[in-house]
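Student: just coords:
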């Protein structure tokens, strides 16, 4: 093909692919423009996850009538005038690409009135081309409506996620801007329902309360530090402030770590690692803190012109910034952390082993019963029964069936974590947590596969528990409420981003209900487990992991024997549901070699 210039429309659509990846990209650019315009109130209205409509209204300075058309031309901006300005960018927007890119792939309408004008202007564009313009009455500020995003680029449209997924991404975005600009009143509406709003009081604690709920917000530790505009900082200055969670408050993923540089939300793996490293030895393996960390440095010390999305930055002295963040977080943790206590949002303790044995899921059923799953083992035994006879009359007498574990005799427990047994060919060490998790998982899945979970018992709570989630977590939970009900949870909405837990699966009877639900939502967000395609399996895995006995729990000999009996009848007794081994074997021959007998 001969070389030729692309048409202006095609060039705009190609450029839009770099700036507008999904509805959240549109929201980000419009909200940033509203902030740059000095808005005190920003309202965001979303329909169908942003595919149908995105409307952003602000009370900022507005766009003058004579400049409204040029605002939607490529490379037009009011925030830069020369190359030198790129060395010290103090606005969120500056590239002059966003409005043109959005207009190129949508049906866009803007209504705006500048402070010095008596009437406003309405401009409509379709695919980047002006369709109409008229004068209208309007308050000061700007309202931009983006309808039918990607209507003229169907290839992009089909790559968008489900509306619920796009909605959660927008929720997360708005809460992050509300954190960094607490003086602005944000209001987010999805399909006619308010999902988030901040007070605009200027106090970040108020925003944290709106996002995480009062209980979590109260526990967060403040990183003390002065807040100065980057223009006021002398060269080499690095200021850090914000909020971090105490060591007993953590999550299963990094999603709740937010970073800001000069009031700009950024993504930076190095700084995220600096925060995580500050918790070294303070958090359990695989757990991550909540954090909102704000870094202020001179404008010329950071380059924000790295990527069209403007979420990546480059520091002139990256190591110094890393060290400043790490030291500030670590100092706050060491000086301000309270003595750990059990709370609704801390990692919850599993029920005791004796409590778990009250479930007939620990009944050793016959081979026929296990094959047809006629007894899924989720009915509580009679209270007047012998509390030590946890297997009842269904105990299978005799030897172990072919293909299962060898016959083992319990010797004892080591480290309150591993059961020592003797078998025909040596010693076995059994991980009590992994083994119990396997038992619970197979029993739970047997009930699920037999009748879709109808036989899974729900334990109604005498005192219901209230739990608060972030807006994006709320959307995720609402999507999966029917499934959680099948698993055994009873959860009801209780105001904006709040839910009441009225019942839990039977095996979680002794657990903290609010924390149990929080763990499940964490797993839904960023679970990295087998069977990712089956969401019910992910939830069941999390429930079983949470309910299983933990390392550190001392067991009686009877309890250890019961655990082994139940492990023997599992279809796959050699690994936990996550693939870790449940037991290891030390053969008599290996022991003889270690003692120098052979």
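Tutor: Perfect, I can see it now. Computed from a predicted structure; not experimentally measured.
Student: Would you mark the buried spots in stretch 138-155?
Tutor: Residues 138, 140-147, 149-150, 152-153 are the ones in stretch 138-155 that count as buried (16 or more other Cβ atoms under 10 Å). Where you see a C-beta, it was placed from the backbone N, CA and C, and this is true even at glycine.
Student: can I get those in CSV with secondary structure, pLDDT and distance to residue 552?
Tutor: Formatted as CSV, those follow (DSSP: H, G, I helix; E, B strand; the rest coil; pLDDT from 0 to 100; distance: Cβ to Cβ, whole Å):
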residue, secondary structure, pLDDT, distance to residue 552
138, coil, 94, 65
140, coil, 95, 62
141, strand, 95, 59
142, strand, 96, 58
143, strand, 97, 58
144, strand, 96, 56
145, strand, 96, 57
146, strand, 96, 54
147, strand, 95, 57
149, coil, 93, 52
150, coil, 90, 53
152, coil, 87, 61
153, coil, 85, 56
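Student: quick one: which two of these are the most distant?
Tutor: The distance between the two most remote of the buried residues of stretch 138-155 (Cβ to Cβ) is 34.1 Å, for 140 and 153.
Student: what stretches of the stretch 1-150 of the chain score poorly on pLDDT?
Tutor: For the stretch 1-150 of the chain, the stretches with pLDDT under 70 are 8-18, 79-88, 95.
Student: Equivalent analysis for the stretch 451-598 of the chain, please.
Tutor: In the stretch 451-598 of the chain, residues with pLDDT under 70: 452-453, 510, 526-536.
Student: which residues in it form strands?
Tutor: Shown for the stretch 451-598 of the chain, the strands assigned by DSSP state E, counting those that start in this stretch span residues 458-468, 490-493, 498-505, 583-587.
Student: What pairs with the longest one, parallel or antiparallel?
Tutor: With DSSP bridges as the test, strand 458-468 is paired with strand 498-505 (antiparallel).
Student: from the chain's centre, how far out does the strand it pairs with sit?
Tutor: Put simply, strand 498-505 sits 19 Å off its chain's centre (Cα atoms, centre = their mean, to the nearest Å).
Student: Buried residues in it, which are they?
Tutor: Buried residues in strand 498-505 (16+ other Cβ under 10 Å): 499-505.
Student: Tell me which helix or strand residue 196 sits in.
Tutor: Using DSSP states H and E, residue 196 maps to strand 193-197.
Student: So which elements touch that strand?
Tutor: Applying 3 or more Cβ pairs under 8 Å, 6 or more residues apart in numbering; DSSP states H and E, we find strand 193-197 packed against helix 163-180, strand 185-190, helix 204-212, helix 471-487.
Student: Residues touching it, excluding its own?
Tutor: Strand 193-197 is contacted from outside by 171, 174-175, 178, 185-189, 210-211, 471, 474-475, 496-497, using Cβ atoms under 8 Å, 6 or more residues apart in numbering.
Student: Quick one: buried ones out of these?
Tutor: The neighbour count (16+ other Cβ under 10 Å) marks 171, 174-175, 178, 185-189, 210-211, 471, 474-475, 497 as buried among these.
Student: and among the strands of the stretch 451-598 of the chain, the most buried is which?
Tutor: Neighbour counts (mean count of other Cβ atoms under 10 Å) averaged over each of the strands of the stretch 451-598 of the chain peak at strand 498-505, with a mean of 21.
Student: Run the angle between that one and helix 471-487 for me.
Tutor: Going by axes from the mean of the first three to the mean of the last three Cα atoms, to 10 degrees, strand 498-505 is angled at 30 degrees with respect to helix 471-487.
Student: Residues contacting strand 498-505, please?
Tutor: 213, 444, 456-461, 464-469, 474, 477, 487-494, 511, 513-514, 516-517, 543, 547.
Student: Repeat that for stretch 268-275.
Tutor: By Cβ under 8 Å, 6+ apart, the surrounding residues in contact with stretch 268-275 are 244, 254, 257, 259, 289, 291, 293, 295, 312-313, 318, 321-323, 325-326, 329.
Student: same thing with stretch 24-41?
Tutor: Applying Cβ under 8 Å, 6+ apart, the set of residues contacting stretch 24-41 from outside is 19-20, 42, 44, 46, 50, 54, 56, 58-62, 79, 91-93, 98-99, 102, 106, 141-142, 144, 146, 149, 166, 169-170, 173-174, 177, 181, 183-185, 187, 200, 309-310.
Student: go with 6 Å
Tutor: 20, 42, 54, 56, 58-61, 91-93, 98, 102, 144, 146, 169-170, 173, 177, 185 (Cβ atoms under 6 Å, 6 or more residues apart in numbering).
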